[in-house]
Structures are given as C-alpha cells and as structure tokens.
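1. have a look at this fold, sequence not included:
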C-alpha cells in the first residue's frame, strides 16, 4: 500500500513532467513553423532561439527571417472542415499551453515570444 507521501511525490513528478513536455512541445511547434512557414525551408536562412528565465517566468523567443503572418487568418483547427487536416494545430497548441504568446516584426525578422509561469525549478 502506498503512503500519502508516495502519492504526493508521484503527483508532483507527473505535474513537473507534464510542464516540461508542454514547454518542449510549444518550442517544437513554433520552431517548426519558423523553418517551414517563415523561412520556407531555405537553408540560407536561420532561426534564432532565445530562452530566458526571470523570477518565476520562462520567456522563449523564436525569430525567423520570414515576413510573418496575421494570427486572425489562421483557421480554427477545431472546426469540422479542419479536424482531419494533417497540419494547422501548432499555434492553437501554443495558445492553449503557454501563459502568453505575442508576435511582432523586428529588425532581425518575425518574432514569436511565449512565456510560461513556473512555480518550481524546471532544470
């Protein structure tokens, strides 16, 4: 029989694992979008990834060399006509997992900035 300590330890471990997974998935989705949609798979272009931690916030910046996009033009992946498509869910996933997401044009390119509020050390 498990003790309450074992059960709480398992729950904390699972929550920490899931938090790391969500962060990894968001980075993966935005980085993939930057390569394919932003840079159009042009090997002469690069994608910049910056990860910073300030107090209880993790800030991830991804910059590509593309022209950007209008967030309102991205179709909703939950509508019936989009449910079976094999793409189009990345931005939706990030919007639902990250604490915040912002897009902007910079001198270096198009930039996505996502933040996560973190309560524990995630190293």
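-> All right, it came through fine. As the structure is a prediction and not an experimental result, all values here were calculated from the model.
2. please, which helix or strand holds residue 61?
-> Taking DSSP states H and E as the criterion, residue 61 maps to strand 57-64.
3. nearest residue to the spatially most central residue of the chain in space, please, no chain neighbours.
-> In the chain, the centroid-proximal residue (Cα atoms, centre = their mean) is residue 26; its distance is 2.1 Å. Closest residue to residue 26 apart from its sequence neighbours, by Cβ to Cβ, 6 or more residues apart in numbering: residue 94 at 4.7 Å. Any C-beta I mention is one placed from the backbone N, CA and C, and that applies to glycine too.
4. for the chain, name the helix or strand with the lowest mean pLDDT.
-> helix 4-33 (a mean of 86; mean pLDDT, DSSP states H and E).
5. how far away from the center of its chain is that one?
-> Helix 4-33 sits 13 Å away from the centroid of its parent chain (Cα atoms, centre = their mean, to the nearest Å).
6. and the next helix or strand past it?
-> strand 48-54.
7. that following strand - which strands sit beside it in the sheet, and in what orientation?
-> Sheet pairing for strand 48-54, assigned by DSSP bridges, gives strand 57-64 (antiparallel).
8. compute the inter-axis angle for the partner strand and helix 4-33.
-> Relative orientation of strand 57-64 versus helix 4-33 (axes from the mean of the first three to the mean of the last three Cα atoms, to 10 degrees): 20 degrees.
9. chain center to strand 57-64: distance?
-> Centroid displacement of strand 57-64 relative to its chain, using Cα atoms, centre = their mean, is 9 Å.
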